[in-house]
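[1] Following is a predicted model, sequence given first.
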Amino acid sequence: MSNTRMPLSKTAREVYRAIDALDGSIDFDAPLRELVRLRASQLNGCAWCVDQHARDALEAGEDPRRIHTIAVWRETPFFDPRERAALALTEAMTLLPAQGVPDDVYEDAAREFSPEELGNLMGAIIAINAWNRVGVGTGMQPPAELPTAVA
């Protein structure tokens, strides 16, 4: 992938600021929001965002096993019903099948979250999908250097 693509933050500042304002307006469970961000970023193939949100989740105290297995969350015992509903809605809204978000996926999320929480969850999914499109479209890459291991 080319690293010569334009940085949206410099060439379309107002667009970048608008996405940032949307993201900043969301009031949602911070640990779960990182899992939502990570899963959507995986689905969208945004290397920069996957790296960023995996690190953010780890720094916030998320269990490494959950981060490592989020791509197969349905097959693990590591996620509770609320998290599963959020991840299912994330996948449905990110992949957006031709028929839209399936009723059962929406209904499961509506059972697990209050209307305000559900609105903010949907906002978080919309925002990370916008950021993923910025990252993928502009060819953003995670930093090449890995942190040094602590002995």
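    Alright, I've got the coordinates. Residues are numbered from 1 along each chain as shown.
[2] Sketch out the low-pLDDT regions of the chain for me.
    Residues of the chain meeting the criterion pLDDT under 70: 1-4, 147-151.
[3] need the helices for the protein, in chain order.
    Remark: helices assigned in the chain by DSSP state H are 8-11, 13-24, 30-44, 47-59, 64-69, 81-95, 103-112, 115-137.
[4] What are the buried residues along the fourth one?
    For helix 47-59, the neighbour count (16 or more other CB atoms under 10 Å) marks 47-54, 57 as buried. From N, CA and C alone the C-beta is placed, and that goes for glycine too.
[5] Would you mind pulling up the elements that that helix packs against?
    In terms of contacts (3 or more CB pairs under 8 Å, 6 or more residues apart in numbering; DSSP states H and E), helix 47-59 is packed against helix 30-44, helix 64-69, helix 115-137.
[6] what's the answer for the shortest one, then?
    Applying 3+ CB pairs under 8 Å, 6+ apart, one finds that helix 8-11 contacts helix 13-24.
[7] ok so, going back, for the helices and strands packed on helix 47-59, which one ends up most surrounded?
    Of the helices and strands packed on helix 47-59, the one with the most neighbours on average (mean count of other CB atoms under 10 Å) is helix 30-44, at a mean of 22.
[8] Using CSV, list the CA coordinates for that one.
    Coordinates of each C-alpha in helix 30-44 appear next as CSV, following Å, rounded to 0.1, in the frame of the first residue of the first chain:
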residue,chain,number,x,y,z
ALA,A,30,-15.8,2.9,27.2
PRO,A,31,-14.6,-0.7,27.4
LEU,A,32,-17.3,-2.0,25.2
ARG,A,33,-16.8,0.9,22.8
GLU,A,34,-13.2,-0.2,22.3
LEU,A,35,-14.3,-3.8,21.5
VAL,A,36,-16.8,-2.4,19.0
ARG,A,37,-14.1,-0.2,17.4
LEU,A,38,-11.7,-3.1,17.2
ARG,A,39,-14.3,-5.5,15.6
ALA,A,40,-15.5,-3.0,13.0
SER,A,41,-11.9,-2.1,12.2
GLN,A,42,-11.1,-5.8,11.6
LEU,A,43,-14.0,-6.1,9.3
ASN,A,44,-13.1,-3.0,7.4
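[9] how far does that helix sit from the chain's center?
    Its chain's C-alpha centre and that of helix 30-44 lie 3 Å apart, by CA atoms, centre = their mean, to the nearest Å.
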